[in-house]
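# Just a sequence and a predicted model for now, questions to come.
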Amino acid sequence: MIDKTYRCDLCKASAPADLLDAFLIGIYWSDHPTHGWIQKPATQCEHHICTTCLISLQTVGDNKKPAKDVEGTTQ
């Protein structure tokens with residue numbers, strides 16, 4: 001029997017099999033019909049990101065958004 005370990009591509013954290021889908025998110029690069037990363041079940045792809053890293057990246061992204069003035073244009 002092969003025991004496969006799934007790890008976050010960023011921090012290398014892993015999870016037990018019973019918590020896999022709650023902790024790791026499978027990501028897959030899609031070229032058609034959409035272009036970019038799409039979510040897949042963790043066991044169906046080779047790249048993963050843990051929920052901790054995902055939340056951290058979302059926070060960084062939110063802090064880097066351009067500020068908007070009263071009229072709605074970027075500064």
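Here it is on my side, so go on. Numbers count the residues shown, from 1 in each chain.

# List the buried residues for the longest helix along the chain?
Longest among the helix segments of the chain by residue count, using DSSP state H, is helix 51-63. Counting neighbours by 16 or more other C-beta atoms under 10 Å, one finds that the buried residues in helix 51-63 are C53. C-beta: built from backbone N, CA, C; applies to glycine.

# Out of the helices and strands in the protein, which is least certain?
Confidence across the helices and strands of the chain bottoms out at strand 36-40, with a mean of 87, counting by mean pLDDT, DSSP states H and E.

# quick one on the thing from earlier: other SSEs contacting the longest helix of the chain?
strand 24-30 (3 or more C-beta pairs under 8 Å, 6 or more residues apart in numbering; DSSP states H and E).

# returning to that earlier point: to the chain's geometric centre, what's the distance from the longest helix of the chain?
Put simply, helix 51-63 sits 9 Å off its chain's centre (C-alpha atoms, centre = their mean, to the nearest Å).
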